[in-house]
Structures are given as structure tokens and as C-alpha cells.
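**Student:** Have a look; sequence and predicted model below, questions after that.
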Amino acid sequence: MKRKGIGYASIFYGTGYGNGFPDESRATAELTKEGQIIISVGVSEVGQGGLSVMEQIAVETLKIKKDLIKLQYNNTSKMRDSGTAAASRQTYNTGNAVLDACRKLKDNMNKVKTNKNLENLYVQMKDCNIDTKTEGYFKATTSEVDLETGQGAPYWPYTFGVQKATVEVDDETGKVDIIEVTSAFDAGKIVNPITAQGQIIGGSTMGIGYAIMEEVNLNQGDIQNKNFSDYIIPTSKDIPKYHTYFIEDVEETGPYGAKGLGEPAMLPMAPAIINAIYDAIGVRIYEYPATCDRILLAIKNKNK
Amino acid sequence: MIINGKSYTKKIDPLLRLIDFIRDEAKLKGTKEGCGEGECGACTVIIDGRAVNSCLVLAASVNGKEITTIEGVSQGKLHPIQEAFIEVGAVQCGYCTPGMILSTKALLDKNIDATEEEIKESISGNLCRCTGYQIMIEGIKKAQDKLKKR
Amino acid sequence: MHVKAVGEGFIRPDIYEKVQGKAKYPDDIEMEGMLYAGVKRSTIPYGRVLKTNIDEIRQMEGVICVIDYTMIPGAKCHGVILKDIPILVQDIVKRVGDCILLIVAKDKVSLKKALDQVEVEYDVYQGVFTIEDALKEGAPILGDKSNILYDIKVKTGDIEAGFKEADYIAENCYHTQMTDHAFLQTETAVAHYDDEGVLTVHVATQYPHYDREEVARCLNIQEDEVKIINETIGGAFGGREDINPQCHAALATFITKKPVKVVYSREESTISRSKRHPMEMFYKTGVKKDGKLCALKVRIYGDTGAYASWGMNVLRKAAIHATGPYVIPNVDIEAKAVYTNNPYCGAMRGFGAAQVPLAYESQMDILAEKLTMHPLKFRYMNAFDVGSQTATGQKLKSSIGIKKCIEKIADVNQMEL
Amino acid sequence: MDFYQPLCINEVKDLLVQSKFNKLLAGGTDLVLDIKRGKINPEVIIDINRIEALKDIREDHHEISIGSMVCFSQLKDNSLMNQYFHSIVLSASHMGSPQIRNMATIGGNIINKASAADIIPCLISLNAVLVLESKDSIRYINLETYFQNEDWIRKDEILTKIIISKKNVLSGYNKLGKRNSLAIARINVAVSFMIEDKIIKHMSICLGAVGRYPFRVKELEEKAIGKTVDYLFSEEPLEILEQQVYKSIKGRSSMPFKKEAIKGVYKNAVMSSGVMK
């Protein structure tokens, strides 16, 4: 019989390298004589939407049209080091570096009075010996924790998330289907609601895999499931209906109040599912993945 | 064989897979290899109106057939499916996208009124690790509206 | 001029090429006279390489050259923190998948034939594959001096007094598994010399400047003599932080002076890269009748596999996040990263903070049930707020939205907190 | 390496006799993988995709014959299948992915005899018969016997069709996989019934992925005859199934789970047949 259950989970996530590690991002903003703005920044577009975030921060800061901005982001000989696209740090760290570069450029641009044509502006700035290229820099503030007591301020800022999962468990086969998921996340100001929602839904789906499907099987250190036929990840038929809400609790040190989101997006899903399974069948699973095998045998043991 | 309306004639190794013919001989790089065993759908192409995994097809076997790859979907201008994917933001890393669009096209060419269940079914052979599918499904619904209005 | 951008659903700039199949991933690059390279990987988890048939492979048709560790001009190992992962092994292999020989061939077919023909003779050692075995006395030592890569404690308050105050205690053991990033685009790199003689590596990476540093170290050249072009990236999730084909492609080009491509199959992709740490988590949580958490004792062991990668940072992150987003006055946490001969573990989305929620959020539900309190309400009562102090003694200054998130979930479910 | 694309069955029969190390290319979903992995290295590939005669589903007075090159999408959408064999439609719809269903054929699925093959339990429970043809012989073999006796297809033979008697049966199918698409069956169960006035006149049940090959559970089939349909959900059938699975995969680590899960999968299969309506 299929039984319905509801589960909740909340998480927090300290973004950035943390622990006092030099967490730096650099970027440059340059007005060219063709009247274009080149933002040169080492943001790796891994799919998360990093390019769009940098572009939006630049547009907002420089108050110019998107089409006039060109991102230069993939050549180490031409761009500054902005650190890893990891630790959910690109929006916060590199976004701050882009903001810094753009603010400086905007200040320089404001030093000369001209009509709105950027080509003229370039000529005038050059005439007045004003820099048309500015450097942006940001370093996150954290401190190293003591290894014996853990005391310190290891991360900043923190992102938060809460999810509610509704599942259906077949108590005769152990099969779990995720029916509906409601998410509320605080990642500060959301720079792009479309890509941000993409992170939540994509992250949650990875969380579903983590909770009920995925596992690297080893035999004496040798991976037994090296292919997609045996390393199982969710398909379009394994996903619930997602509802996503953002609580935009502005972070004052973030670019326009933004914090990181990529990783926290996947965290609450799996425990919410585990709690929902318990709610459905009264059996608690203490390990991932909660496969039908584990669930059915746990039911069997409980009934003994 | 005919790929996107263009005819290719070549003597090939009978064991050459269709994906290798498309990428290495026809030089059409939009078709992606994700797993090489028909599990991920990144290499999906349309043959005679049906979506198939080009990594499981021998090129020699489809001699003379009509094949559509992602390059053949937008000839001149974007296809409504592509427009819809752009508008809703149905793409992240983009590696599954060509295959996803071809599976969608194979569905909508046959059944423009496909239900949400049918949509989910039609892309259920295309793995996506980034998006969680939901926004793609919204994109496909939007594409249905666009195609109906044409 | 009024321009609004932040907060708007801008169309992402990379999407146009992606929907048309025009986005260029590393494997889409072809170059005149390009060679193919690949590595022979160890099939045993622990042992010493005694000999290989390298000379025989060198004579094979279509093989341009076969490279072993002696031919690496610079650093023989790479690593995000410790430089411990062999680019090509000198003698000791510590996991299935360690790189032994790098073969450069004129085409894919010759490369595959050559890789299939490689024979490696090993002195096979007894490996360790569980945390328990790795911590036993007499276990083979895989790290510097012990099998513990990292050990961190987080302590605040008085743990014994905390549990004395508790009306309910939940004590359980949790386990999370090893997982894989499973992104769709397998690792691929193309190296060549550009028109200005700069060694250029096209790759899909999370951190191009780090790749540049490692390639330069490996070839013993200056960083400005290397250029990394970050092509379109087919998913990452932490799996493209450690070096994989970058140094091999660069080394092959450095030696042959020709463009070289390294493409991983799905199997090689899975074998080669880091994994998410499996963790054993022992949790004891105490709560008072009024619903306030009062004590938490945690022991975490993470299987970090054969190499360090981000192991210390992952376990640190686990320890620091082990409380969940809750105020707990008395805390005693310890987390250890333990070496084994399993695949090495490193970064994956969530990075240590993905494992502990299974434990702390299960504990929360178990305690809520004992208190006969709604699980959401129980979380709300204990959640961080501006001014709260974490277990590391960090005072939370701003943007602490957890309570607002709980309120939102309660609100859409028409629930009172 | 030779590659042939014959247009008729007789041509295939000739080629099969002429060449020794040959492989028939049907849907290709297994063969192309085997070639890639270096598992096989045929000298001759005989591509039978151009033989239209093998792609028909035909109705006769008493039986339906399914050409061996009918693919799973075709099975799923075919009106005769939908009219007579619900279990086949269900199993074809849950097999692999849309792409795989567009390629993989019923014949290929049978000849490759994967233990978790989706369609085989259905065909066995429907008492299907294989037609194996060679240059100078034609053999009719019951599919169940084919597996039981391991009386495999000969090198010179081609499976041309699968014949199923058109008796008025209710049939059902259920599969338990690790996910909802692209799933290999952990367990699958196919059932078929003849019911008159709520009394079971005939029952056939075949279990898949709980042994080397799919097999029928004769004990349950016999006990069910003459009982009302409610019997199907009573304790006895569940115990029989548990025992059968236990015996079949005793040594395997999946046994404790599968002997429990079989009951749920069986119930779902019975429900899907509409027998309770």
C-alpha cells in the first residue's frame, strides 16, 4: 500500500573557502575606445549562471545597457584570478570584485561631463588622463579556528534553507516517490531569480539522488558501478512538483546584498526525505541511500 | 546518409557508430557523447521521426536515412523549442541540451498536445544533472503554446 | 539613466549557443595534426609497480611516445592542498586508477590498442578499505605518519553539565555513502602551442588559474608560459577542482610539440576523479522539556581515500556545521579524515556540510517526537537569529534568515508556529 | 569485416549458412555496446533492419504473431497489443527509455536473454511460441521451454516471429526498478488470467530477475484454479512466492529483500490486470 508522509529539514551553510584562507577575487572593468565595457573576470561558468550574475552586477553598477558589456572570462592570459567556482563563493566574492571594479570605473566616468555616448566618453577620459580600466578586488573575512576547540569565525556569510518534502512509500516494495517539495531559502538578495530557482530545483534533484538512489559501490577500492546504467541518478520521472520561495535577508557585505546559493541548494532535500519516509511508515532510515531494499527490510524488522 | 537535409557519401568502417560519423566525419559537434551506452541521451538524434541514441546505432545501418541533429533544428532562425528554453532558462551547463531538444522535437512533431506526463516521459531518456528537469518541462509547455500559435 | 539589473530574470548570456549546440566543449576542438593521449591506470588498490612493458609499447604502430614519471620535467605530483597525487606514479600506487604510463598515439584507435597492450607487474600490498581497518593498530600507513589526515575538535560550554540538564536524549549512528558528481561531460583536455609559443591547454575547469599553476609546476616553466582556456563546462559540482587530464595533455604536447587531446570515457571519468566523502556520524543530542537544545556530542569519521585533496577542509566543514542551524550551548564535536585505499574524496556540492544534515535533522525529528512538538516548531524554537552564537563562538551579525525561512514554509502550509 | 543489409528473410538464411562468425544486427542496443566493449568481434554483420516482413504485428483467427523486429514503441502503441495483451503494453512502456524503445526489438530482447529483460516474463505468462527459421528447417518452441531447456537458437537460425494465442485473457505486469525511467528491473512479475464469474479458470504467472532466467510458478497457478479472485490476495499465494524466490536465489545478498518485495510487485501486477474489477 502506498503511504504518504511529510518531512522537514533546515540547514545552514558557510560560504567561501573559510578558515582564514585567503579568499580573494579580482576583476577588471574597462571602457574601450569602441564604446564597450569589458569585464574581465575569472568566473567559471559551470552551468550555475555565474556569467549572468557578473553581467547583472556590472549593468546595475555602471547603469548602462547589457549589450554594451562584454565578459572576458575564459583565458588566464587575459583575465584576473577570481578563485574557484566552488564553495558557493562566486556571487559573493567575485561579484564583489566586479562591483568594486565597476564602481571605480563609474567614478572615473563621472569625472568627465559628456553626452551618453561611451565612445566620446572614452576620448574625453583619455584627454583628461583618467583611467579607463579599473581593478576590482575583494577578500572575504574569516578566521582560522583552533584545532583543539574549534573556536573562531570560520565562514562568512551563511546561507540558510528549509524544505518540506511530501513522499509516497509503497510499504510492500519499499519504493519511494517524491511528490511535492516546498523550499524557502535565504541567500540574501537574489541577483537572478531564474538562475537562482534553477539552483534550488537542480540542487534538490541531486538531493533526491543522494537520499534514495546514488552510491558508489566499491570492492577492495575498485568502483563497481562506473556507468550511468549502474550509477543511478534521477530522471525526469523521479522529480516532484517544486515550489520555491526566496527570503531575501540582505547581507550587507554582499554585492547588492547577495550571498552564495549553489551548494546549500542541495542540502535540506535528503534529510527532509528521510524524515518524510519516517512520517509515512514509522520506520527510520539511518543511512543514505534509502533504497527500497533498506526500507523494506527495515519495515520487516520493525514488524518482527 | 542525409543529415539535416545534406547528403553525405563516404566509405566507412561498418563498426563506426553514428555519433562518430556525425561528429568526426560530418563535423557536426552539437551531438554530445555523455556515456556511450544509451543511458544519458546526450547523443540523441532523430531518425525517421523517432528519437534514438546515436551512440547505439551503427552508421552503416542508417545508410540512406534522414537524420536530424541539433544543427538541423534551427535552420536560419531559432526553433520555438529553443526560443522557449531561452525564455524560461531551461539550460545550465548545456551538455544535455541538444539531446533534450531533439527528444522534445520528436514528441511535439507527433503530439503537439502532449500532457505533462507525456512530456516527462518523452525526456525520460535524457539525463540532466544540473536543472532538475522542472524548468525544462515548463519550457516544453511554452514551446507547445508557441507552436500552436504559428 | 535608470537601469535595473540585480533582481531581474536576465536571460543568461551563454544560453543562445547552448540551445543551438554551438557551445564549444573541450572535445569539440580539433586541430591540424592533433595526436591522442591517454593513461594506463592501476588496476590494484595498493602496491608497488615492479615493471611495465613500456619498451614494447613504444614499438607499437601508431604510438608516438610513451611517457613515464622520469620524463616529467617538474613536479611529479599535484594537489589542491598537499601535493600528493602522482601525475604519473614513481612506484607506489595507492588506489585503483592511479596513473602509470602516458601514451601518445597518432589516433584514437592506435591509442586504445596501445593502452590495452600495457602490462604492469606489481608487488601487491594488502590495502585498507574501511575507516575501522585504517585506524587499527598495525594497519599499513598511507599518510605521512598515520592514517589520520586531519583531526578537528569544536568545543563550547560544559558537555557533561549539558546532558545532565537534558530531559530527553537521542543517541544514534548515521552513515552516508560515497557519491559521484556524475556530470555529463567527461573530462577532456586539448593542449598545443599557440602562435606566440605559449603552451595552451583547453579544458573545462572550475579554476583555470590553479590549473595554470599545476601545469607550470609539472613542466617546470613559468606560469606566464602557460595559458588555460576554459571552454564550456559540462557540469562540475566540485568534480573539476582537482587536476585530471590537464597535466597529461600539457606534458604530451611539451614532449611532442604537437597538439594533443585527452578524452575520458565515462568509465575513466568515474574512476579518475574525486568523490564525496562517506561519513560515519555518532550523534548524542540532549533537549530540555521546554524544547530547548542543551547538549550535543558528535564524532565524525570521513573516509578520505588515498589522497588528501580537500579532505581536511571537508571534515572541518562537517565539524563546524554539525550542530545544524541551531543554538546549542554545550557542544563537543570531533571530526577526523581517515586515509584508505579507496578512491580519493574531495569536493562535491555541499562539501562536508551535505553529510551532517542526515544526522542533525534526523535527531531533530526524533527529539520533536519525544517532546510531542511539531518538527517545524521545534526547529523554529532553536534556530539561529541575529546575535546568536555558533558552536565555534562566532557571533552572527546579519542576514540570518533561517527563522524567516521556517516562517515561510509554515505560512504556505497555513501552519501556526 | 563484412556488412550486409538483406531485404528478405531468405537472404538472411543464406548469409547465416555462408558465414561463420556472424552477428545479426537487430535494434543494436546490445550489439553495438558489445562491440564497443570488445566483448565480440564478428567477421560479418547481418543488419536485419531493412526486412519489412519482420516488423509486422498480425492477427489471425486464433493467434497474434509479432515480427521479431517489432520495436518496443511499436508494441506499446499497437492497437492489437492494447486490445489483447495489456501486460505487453505495460512492460513495453516501462522498458528503458523512449530512445531505447524506438530501437530495441522484441526479438533482440529474447535472443540476448537478459535475466532482467522486461518483456520475457509477459511472453512466458502468455504462453508465447518462438518461430526459429533456417535455410532448411522451421522450429516452433514454447518460450518457457526455450529457457528451461536452454535450447538456444542455432547459428544458422533466425527468430522470425513470436506467436501468442488470442484467448480471452486478462493480463498484468509490474516492475520494481531503482528509478522511474531507464530502470533495470530488480524484480518483475507478469500474470495472466481467465476468469468466469469471478472464478479463476486459468492462471499463469512468471517472475523475472529473481533467477538466472524468468520462470513460472506452477504451484500457485494450480492452487488458484477454481478459487475466487479474492484468493489472489490471501496469504497462501504470498507465501508460495516468498518460498519460490528464496529457493531460486538462496545464496544471493539480494535474497532477503527480494523474497519480501516479490509480494508487493506481485500484488501490483495482479491489480494492473484488472482482475479485481
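**Tutor:** Now that the structure is in, tell me what you want to look at.
**Student:** Enumerate the positions of stretch C:231-251 that are buried.
**Tutor:** Residues of stretch C:231-251 classed as buried under the neighbour-count rule (16 or more other C-beta atoms under 10 Å in any protein chain shown) are C:231-251. Quick note: C-beta positions are derived from backbone N, CA and C, even for glycine.
**Student:** So which of the residues you listed belong to helices?
**Tutor:** With DSSP state H as the criterion, helices contain C:246-251 from among the buried residues of stretch C:231-251.
**Student:** Out of the residues you listed, which comes closest to B:Cys55?
**Tutor:** Each of those was checked against B:Cys55 using C-beta to C-beta; the closest is C:Ala249, at 23.8 Å.
**Student:** need the residues of chain D near chain A, please.
**Tutor:** If contacts are counted using C-beta under 8 Å from any C-beta of the partner chain, the residues of chain D sitting beside chain A are D:97, D:176, D:178-182, D:184, D:186, D:254, D:256-257, D:260-261, D:263-265, D:267-268.
**Student:** okay, the residue most central in space within chain B: pLDDT?
**Tutor:** Nearest residue to the geometric centre of chain B (C-alpha atoms, centre = their mean): B:Leu102, 2.3 Å. B:Leu102 is assigned 98 on the pLDDT scale.
**Student:** If we check chain B, which of the residues of chain D next to chain A are in contact?
**Tutor:** Among the residues of chain D next to chain A, the ones lying near chain B by C-beta under 8 Å from any C-beta are D:97, D:180-182.
**Student:** what two of those are the furthest from one another?
**Tutor:** D:Ser97 and D:Asn180 (10.9 Å).
**Student:** Mind listing the shared neighbours of those two?
**Tutor:** When contacts are counted by C-beta atoms under 8 Å, 6 or more residues apart in numbering or on different chains, the set common to D:Ser97 and D:Asn180 consists of A:235, B:124.
**Student:** between those two, which one's more packed in?
**Tutor:** When D:Ser97 and D:Asn180 are compared on other C-beta atoms under 10 Å in any protein chain shown, the one with more neighbours turns out to be D:Ser97, at 30 against 18.
**Student:** contacting residues around that one?
**Tutor:** Residues near D:Ser97 by C-beta under 8 Å, 6+ apart: A:235, B:38, B:41, B:124-126, D:181-182.
**Student:** Could you confirm C:Ala295 falls within a strand?
**Tutor:** Yes: in this structure, C:Ala295 lies within a strand as judged by DSSP: H, G, I helix; E, B strand; the rest coil.
**Student:** helix or strand for the residue nearest to it when sequence neighbours are not counted, which one?
**Tutor:** Once its chain neighbours are removed from consideration, C:Ala295 has its nearest residue in C:Gly162; the separation is 2.9 Å (C-beta to C-beta, 6 or more residues apart in numbering or on different chains). Counting by DSSP states H and E, the element that carries C:Gly162 is helix C:159-165.
**Student:** and that helix, how far from the chain's centre?
**Tutor:** Averaging C-alpha coordinates over helix C:159-165 and over its chain gives two centres that are 36 Å apart (C-alpha atoms, centre = their mean, to the nearest Å).
**Student:** ok, now which ones touch the residue nearest to C:Ala295?
**Tutor:** Neighbouring residues of C:Gly162 by C-beta under 8 Å, 6+ apart: C:286, C:294-296, C:329-331.
**Student:** packing partners for the longest helix seen in chain D?
**Tutor:** Of all the segments of type helix in chain D, defined by DSSP H, the longest one is helix D:255-272. Where contact means 3 or more C-beta pairs under 8 Å, 6 or more residues apart in numbering or on different chains; DSSP states H and E, helix D:255-272 is packed against helix A:292-303, helix D:86-93, strand D:170-176, strand D:187-196, helix D:235-248.
**Student:** Show me what the shortest one is packed against.
**Tutor:** The one in question is strand D:170-176. Under the contact criterion of 3+ C-beta pairs under 8 Å, 6+ apart, strand D:170-176 touches helix D:86-93, helix D:120-125, strand D:187-196, helix D:255-272.
**Student:** which residues in the stretch 301-417 of chain C form helices?
**Tutor:** Assigned helices in the stretch 301-417 of chain C, in chain order: C:311-320, C:356-370, C:375-382, C:402-412 (criterion: DSSP state H, counting those that start in this stretch).
**Student:** On the three-state scheme, residue 3 is what?
**Tutor:** Picked chain A for this. What three-state DSSP gives for A:Arg3 is strand.
**Student:** think we crossed wires, I meant chain D
**Tutor:** Applying three-state DSSP to D:Phe3 yields a three-state assignment of strand.
**Student:** That one contacts D:Ile45, doesn't it?
**Tutor:** Yes: using C-beta atoms under 8 Å, D:Phe3 is in contact with D:Ile45, at 5.0 Å.
**Student:** what is in contact with these two at once?
**Tutor:** B:14, B:58, B:60.
**Student:** would you list every one of the helices in the chain?
**Tutor:** By default, I'm working from chain A. Secondary structure of chain A (DSSP H): helices at A:50-62, A:95-110, A:118-127, A:193-212, A:269-281, A:292-303.
**Student:** try again with chain D
**Tutor:** With DSSP H, the ranges of helices along chain D come out as D:9-18, D:31-36, D:72-77, D:79-84, D:86-93, D:98-103, D:106-111, D:120-125, D:143-148, D:218-224, D:235-248, D:255-272.
**Student:** For A:Ala187, give its distance to D:Val275.
**Tutor:** In this structure, A:Ala187 and D:Val275 are separated by 53 Å, where distance is defined by C-beta to C-beta, to the nearest Å.
**Student:** now swap in D:His202 and tell me
**Tutor:** Taking C-beta to C-beta as the criterion, D:His202 is separated from D:Val275 by 12 Å.
**Student:** where's B:Arg129, which helix or strand?
**Tutor:** Applying DSSP H and E as the criterion places B:Arg129 outside every helix and strand.
**Student:** Touching, it and C:Gly235? I think so.
**Tutor:** Yes: with contact defined as C-beta under 8 Å, B:Arg129 and C:Gly235 form a contacting pair (5.1 Å).
**Student:** what sits in contact with each of those two?
**Tutor:** Residues within reach of B:Arg129 and of C:Gly235 at once, by C-beta under 8 Å, 6+ apart, are B:93, C:181, C:183-184.
**Student:** quick check, nearest of the residues you listed to chain A?
**Tutor:** Proximity of the shared contacts of B:Arg129 and C:Gly235 to chain A was ranked by C-beta to the nearest C-beta; the top entry is B:Cys93 with 3.2 Å.
**Student:** Could you find the closest non-adjacent residue to that closest one?
**Tutor:** A:Gly47 (3.2 Å).
**Student:** Check whether the one you found really touches C:Arg240, as I assumed.
**Tutor:** No: under the criterion of C-beta under 8 Å, A:Gly47 is not in contact with C:Arg240, lying 11.1 Å apart.
**Student:** Give me the common contacts of the two.
**Tutor:** With contacts taken as C-beta under 8 Å, 6+ apart, the residues that reach both A:Gly47 and C:Arg240 are C:Ile233.
**Student:** how about the residues of chain B that lie near chain D?
**Tutor:** Proximity of chain B to chain D is assessed by C-beta under 8 Å from any C-beta, with B:13-15, B:17, B:36-39, B:41, B:44, B:50-53, B:55-58, B:60-61, B:63, B:103, B:106, B:121-122, B:124-127 identified as the residues in range.
**Student:** Show the buried residues in those.
**Tutor:** Buried positions within the residues of chain B next to chain D, assessed by neighbour count (16+ other C-beta under 10 Å), are B:14-15, B:17, B:36-39, B:41, B:44, B:50-53, B:55-58, B:60-61, B:103, B:106, B:121-122, B:124-127.
**Student:** Contacts only, for A:Val210.
**Tutor:** I think there's a mix-up here, since residue A:210 is Tyr and not Val. Under the criterion of C-beta under 8 Å, 6+ apart, the contact partners of A:Tyr210 comprise A:266, A:269-270, A:288-289, C:179, C:354.
**Student:** what's the burial count for C:Ile152?
**Tutor:** Residues within reach of C:Ile152, counting by other C-beta under 10 Å, total 24.
**Student:** in which helix or strand would I find the closest residue to chain A within the stretch 101-250 of chain C?
**Tutor:** Relative to chain A, the nearest point of the stretch 101-250 of chain C is C:Val154 (2.9 Å; C-beta to the nearest C-beta). In the assignment (DSSP H and E), C:Val154 maps to strand C:148-156.
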